[in-house]
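Colleague: Build me a model from this:
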Amino acid sequence: MIAKIHTTWALLLPLSAVALAQDRYMPGRGSSELQEALNANPDVLGEAILAGGEPSFERVASIFPPLGRPRSNVGVAEHPEEIGVGWDGTIELAQNRKISFRLGDPPSPYGFDGPIEQSLLEGYLPVVITRWRYDSLEYGLSVFGHSPGMSPDAEVTAYAALAVHNPSAADRTAHVTVYSFPALGGAVPKLQAQVSPGRRRELCFRIPWLVSPERLVEAITPRQYADKLREVRSCWEALLAPGMLFRTPETRVNDGQLAWLMYNFLNVDKIGGWCQIHDGGRFYEDVYGYSAALYCHALSLYGYWERADRYLRDMLHYQQPEGQFRTSYGTPDNGAVLYAIGQHYRLSRNDKWFAGMVPAIERCCRWIAGARAKTRTLNGDKHPLTYGLLASGDKPYADYPGEVFSYYVDCYCWLGLREAGLALVDAGMESQGKHWLAEAETYREDILRSMESSLIDLGDNFKALPIEPMTQRLIKQGGGDYYGLIAPMLLETNFFAPDDPRAEWITSPMEKLGGLMLGLSRFADGIDHAYTYGYAMSKLRRGDVERFLLTFYGSLAHGMDRGTYSSVEVNHAPAGINDPTLPHTYSHTQQLRWVRMMLVREEGDELWLASGTPRAWLARGNGIRVDRAPTLFGRISYTIRADEPERSVTARIGPIEQDRHTLPRRAVLALRPPEKLGVLQSVTVNGKEWPLPEDGCLSLDGRMLAERIDVVARYR
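Modeller: Sure, this is the predicted structure:
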C-alpha cells in the first residue's frame, strides 16, 4: 500500500533501456518518438489512443510490453501461508525456499525454447499453469495449494504436476531434475520419462510448505494429484459462487474479476482467530486500513456479505480506546473504515451485525469530530487556512510518516462521517444519524473554504489544489510523483458532484504536470495503475467514457499479468519491468470496483446501468448480462443485447429485489451500441414510445423498477 519497494535499477532506469525494450508507440513511429512522448508533461500516449477512437484492450496493450516478471499466489483462502509461483514456474515456499524443475541432461538453468506462458485453471481458479517448449518437447507445470479440509488452520501443502507432451514422430526422453534453493543436502532427485510420439506423460509431486532435508519433495501418482485438485476446485468454486454474476463479451474481464477476488481471499490471513487483510502475499504483511476497508467495500458490492461482516468486525481490533482507527497506513483509515461499514449495512441490511458495530462507529465519529474541533478557532474574525481540518499528528498515508494537514485525509474522514450518518438513519437511529450528517455538512463547508483559499494559480486559467495546503509539498513534486497517487484518492471520495468544475483543481494538475501515462497514474518512470481509480471515476461521472476506458484498459494491459491477472503495484511499463509487489490486494480491489461501477453505479438517489461499458460489447450480436448485483436500492439484474441486422438494442431490467431498500428517484440506462449501428431513431419502454435521450442515456422513473422493464431502441 504505497510503501514503494523499488530497487536501484528500477528507480534509475534510463530511457535508453526504454528505447531498446519498446518500439511500438504508434505505427510508423520509432522509439525516439516514444522517448519524447514519455518526457512530455501531457499524456501524449493516452491522447494518441483517444484520437483513434474509443480505447480497446488491443490498442492500449500494443503500446508497452507485458509484465516481464509476474508472480502469482496459490493456496487456501484466509490461510496465513501462501505459495508463490514465479514467472518461470518456480515454487516459492516458507523461509524463502524455492523449488524448480530443470530439464535436460545435464540439467540446464535455461530450459526454455521461446516464450513462457502462464494462465489459471478455467481462467480464474488458483491453479497456476506454466507452459513452455524445450528440446522439441512441450511442458506444462500446474501448481496449487491444499490443506486438509481446505482449512486455514491446517498445514498447507503445494502440489505440482509436470506434464510432458511429445509432438514429434519419434520416441523422446524427458530428463527432469528437482532443484531446491537453498540446497537441502543429499542427492538431487532426477527423473526420466519416456514419451511416445503424440503422447503425454505426467510427473506429480507433493511439496511440504516447510520443505527441509527431513521433509523432501515426494513423487505421487497422477490419481493422487487429481484427487486433491478436485477438492481444491470444488472448494474455490463454492467460495466464489455467492457473488454478483455478470457476463461481458471480454473473457479477460469475466475471468479477471473472479481471479482478483481469489487473490484477495488468499491475501487475508487468519491469525489468532481473527482475519487480517494484507496488501500483498509474501511482501506487504502489515495491515493498511484504508486499503483493507476498500477491499471490504468491494466484497459488499459483489454480494460477499458474510465475509465483509467478519472482516469489518475484525478490523475493530485496530480501534484505539479514544476511538481512532489506526493501522500501518495512516489517518484516512478512520474515514475509509466508516465508509465501508456504512456502505455494507446499506447494501446488506444486516441489522444484527450493524447493531454490534454502532458503539465503534460512534467512538470513531466522536474522535474525528473532536480532533478537528481543535482547529476550529478564528483568527480575529477570519478563518485560518486550517480551520476545521483534521490535525491528528498522524501520517496522511503510509509513505509519509510526518504530521501534515491534508485534504485527502479530511475528505476521507468527511466521507466516513457522512456514510455513518446515512447508515444510522437507515437503521432507524435517526437522532444519531442526523447528528453526524450535520457534522459532516459543517466539515464539508470547512474543507471547501480552506480549498478555495489554498489554490495555486499556475496561469493560463489553470488553478491547482495543493492537497497539503500548509507545505504544498505534493504539488511542488509535480504530477508524476505522489501528487498523481494521492489526488485520485481524494477524488474517489466523491467530495465534488459530477458536474462540479472544482474537481478540475485536481484533475488538471494530473493532466498538465505529467501525472498520467497512458491514462494511468504516473510514478517516476512507471505507472501505479490502481491509484488512478478516483481520476477515472471522475471522468465516468462526467460522461467522459472514453477517458475512463483508457484507464480501464491500461490497467488490464499494463497493471497486471495478462495470463493470470495477478496485479502489481508499480510497473516500469515502457520497459516491461515490474516490481515484485504482486498479487497486490489494493490493485485487485480497485479493479473490482471499476468493473462494478462500469455496470452498476449509484449517483446520489439515482441508479446508473451500463454507463461505463465499451461500445464493442454490443457489437456483432454481443451482449451484457448482470445478475442480482447489490445496490443501495436493492439487487438489480439486467441484460442488454444488440441486433445489427435489425439495427436495434434491446434491454430487460429488473424487477429490483428490495429488502427494506428505497427505490431510486431515477434510473438511467446507458445505450452504447457501436457507432456503425447508426443514429437513434426511436425508443419504446414496455411497448410505449419514449422520449429520445440526447446523450444516449435513457432516463426512467425509479419507481418503474418495482416491475420488469423492457426497452427497445431502434437506429438507422
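
Colleague: drop to CA atoms for contacts and neighbour counts, all remaining ones
Modeller: Will do.

Colleague: all strands of the stretch 151-300 of the chain, in order?
Modeller: Using DSSP state E, counting those that start in this stretch, the strands of the stretch 151-300 of the chain run over 157-165, 172-181, 190-195, 200-208, 218-220, 245-247, 268-271, 274-277.

Colleague: what would those strands look like in TSV with mean pLDDT and mean neighbour count?
Modeller: What follows is the strands of the stretch 151-300 of the chain, written out as TSV (pLDDT from 0 to 100; neighbours: other Cα atoms under 10 Å):
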stretch	mean pLDDT	mean neighbour count
strand 157-165	97	22
strand 172-181	93	18
strand 190-195	92	16
strand 200-208	96	19
strand 218-220	94	15
strand 245-247	94	17
strand 268-271	96	20
strand 274-277	96	22
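
Colleague: Would you mind giving those strands as CSV with distance to Thr507 added?
Modeller: Formatted as CSV, the strands of the stretch 151-300 of the chain follow (distance: least, Cα to Cα, whole Å):
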stretch, distance to Thr507
strand 157-165, 46
strand 172-181, 48
strand 190-195, 59
strand 200-208, 50
strand 218-220, 56
strand 245-247, 31
strand 268-271, 33
strand 274-277, 31
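
Colleague: right, and those strands - which one's nearest Glu694?
Modeller: For Glu694, the closest of the strands of the stretch 151-300 of the chain is strand 245-247, at 27.8 Å, according to Cα to Cα.

Colleague: Please report the number of neighbouring residues for Met150.
Modeller: When neighbours are counted by other Cα atoms under 10 Å, Met150 registers 20.

Colleague: Please report how far the closest residue to it other than its chain neighbours lies from Ser291.
Modeller: The shortest distance from Met150 to any non-neighbouring residue, by Cα to Cα, 6 or more residues apart in numbering, is to Val76 (6.1 Å). Distance from Val76 to Ser291, counting by Cα to Cα, to the nearest Å: 21 Å.

Colleague: The two: which has the busier surroundings?
Modeller: The residue with more neighbours, out of Val76 and Ser291, is Val76; 33 against 25, by other Cα under 10 Å.

Colleague: where does that one land in three-state SS?
Modeller: At Val76 the chain is in coil, as set by DSSP: H, G, I helix; E, B strand; the rest coil.

Colleague: Please tell me how far Ala610 sits from Arg601.
Modeller: Taken as Cα to Cα, the span from Ala610 to Arg601 is 8 Å.

Colleague: what's the answer for Gln95, then?
Modeller: 44 Å.

Colleague: More neighbours: which of these two?
Modeller: Arg601 (22 against 10).

Colleague: tell me the phi and psi of that one?
Modeller: phi -150, psi 130 (degrees, to the nearest 10).

Colleague: Run through the protein and note the low-pLDDT ranges.
Modeller: 1-32, 186-187, 392-393 (pLDDT under 70).

Colleague: what's the domain layout of it?
Modeller: 1-74+456-596, 83-240, 276-454, 606-715 (automatic domain parsing).

Colleague: Which among those is found nearest to Arg247?
Modeller: Nearest to Arg247, of the domains of the chain and by Cα to Cα, is domain 606-715 at 5.1 Å.

Colleague: what about that closest one, how long is it end to end?
Modeller: Note: domain 606-715 ends 27 Å apart using Cα to Cα.

Colleague: Measure how far the helix ranked longest in the chain is from the centre of its chain, please.
Modeller: In terms of residue count, the longest helix belonging to the chain (DSSP state H) is helix 430-454. Taking the mean of its C-alpha atoms, helix 430-454 sits 30 Å from the chain's own mean (Cα atoms, centre = their mean, to the nearest Å).

Colleague: After that helix, which helix or strand is next?
Modeller: Scanning forward in sequence from helix 430-454 by DSSP states H and E, the next helix or strand is strand 456-457.

Colleague: neighbouring contacts of that next one?
Modeller: Under the criterion Cα atoms under 8 Å, 6 or more residues apart in numbering, residues Lys463, Ala464, Leu465, Pro466 lie in contact with strand 456-457.
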